[in-house]
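Trainee: Here is my input, please return the structure:
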Amino acid sequence: MAGDYVPRELKCLARKGAGVHRLSARPKSELSIDAVMRKRLTITGSTLRPRSVEFKGYLARNLREKIWPLIEPAGSGP
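Mentor: Take a look at the predicted model:
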């Protein structure tokens with residue numbers, strides 16, 4: 001996200017962490033560049049809007065197969 005969320009998100013990142021941001025209704029943000037440098041953070045941006053439906057489906061399938069099992073409590077799946 002952008003806007004007021006950026007400073008809070010940077011605080012949450014671990015040393016050498018990575019943050020991915022997307023365009024929001026408030027695309028401008030202020031951030032402390034020294035916080036980024038001290039933690040050696042990587043910040044990148046992305047948007048899925050121009051990507052194909054096939055690519056979005058590929059991402060959704062991989063998310064369900066590879067990520068959800070890591071964060072979903074055992075036995076609570078569909």
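Trainee: Where does the prediction get shaky in this protein?
Mentor: Within the chain, the stretches with pLDDT under 70 are 1-3, 20-27, 74-78.
Trainee: Which single helix of it contains the most residues?
Mentor: As assigned by DSSP state H, the longest helix anywhere in the chain is helix 53-62.
Trainee: Mind checking what helix or strand follows it in sequence?
Mentor: Counting by DSSP states H and E, the next helix or strand C-terminal to helix 53-62 is helix 68-71.
Trainee: could I have that following helix exported to CSV, CA atoms only?
Mentor: Extracted C-alpha coordinates of helix 68-71, given in CSV (Å, rounded to 0.1, in the frame of the first residue of the first chain):
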residue,chain,number,x,y,z
TRP,A,68,-1.6,-21.0,2.0
PRO,A,69,-0.4,-24.3,3.4
LEU,A,70,2.4,-22.4,5.2
ILE,A,71,0.0,-20.0,7.0
